[in-house]
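Peer 1: need a structure here:
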Amino acid sequence: MNGTRERTGGGTVKIDGYTRFCLSAIVVLLAILIVGLWAEGPISPIPDAAGAGVAKTPPDVLPNAGAQRLAMIKAIGATNDKLDKIIDLLKSGEIRVGLVEEGKGDKAPDNVHKLPKK
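Peer 2: A predicted model of the protein is given here:
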């Protein structure tokens, strides 16, 4: 064929050496990509998050949704326990929450800290 190809319109297209080289490189890279995907392995390994030693989950392993939900339920229970303790403190009177008017001018009651100006 000598580097020329016939078109249906009757004209010829010449392919030079550089174009052949680029097309060959593309074919080789695509073949490497296809083989890598077929082997189900990453072509280049992805490092962990900033070298922090975080273990990566392989793509074919699904996370355990049940264990995640149990952990969330335990965390919610711990938050509810803390809120119950705060409510008990408020009901017992050990902690009081109230509003106190700031004094007029520069004079404020002794138990009130000056509020920052906005």
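Peer 1: Double-check that L70 belongs to a helix.
Peer 2: Yes - secondary structure assignment places L70 in a helix (DSSP: H, G, I helix; E, B strand; the rest coil).
Peer 1: And for it, the neighbour number?
Peer 2: 11 (other CB atoms under 10 Å). Bear in mind the C-beta positions are built from the backbone N, C-alpha and C, glycine included.
Peer 1: How about R20?
Peer 2: R20 has 11 neighbours, counted by other CB under 10 Å.
Peer 1: Shouldn't it be within a strand?
Peer 2: No - looking at R20 with three-state DSSP, it is helix, so not inside a strand.
Peer 1: State the distance from it to L33.
Peer 2: 20 Å (CB to CB, to the nearest Å).
Peer 1: Show me what secondary structure element comes after the helix or strand of the chain with the lowest mean pLDDT.
Peer 2: Scoring the helices and strands of the chain by mean pLDDT, DSSP states H and E places strand 4-6 at the bottom, with a mean of 53. Where DSSP states H and E defines the elements, the next helix or strand beyond strand 4-6 is strand 12-14.
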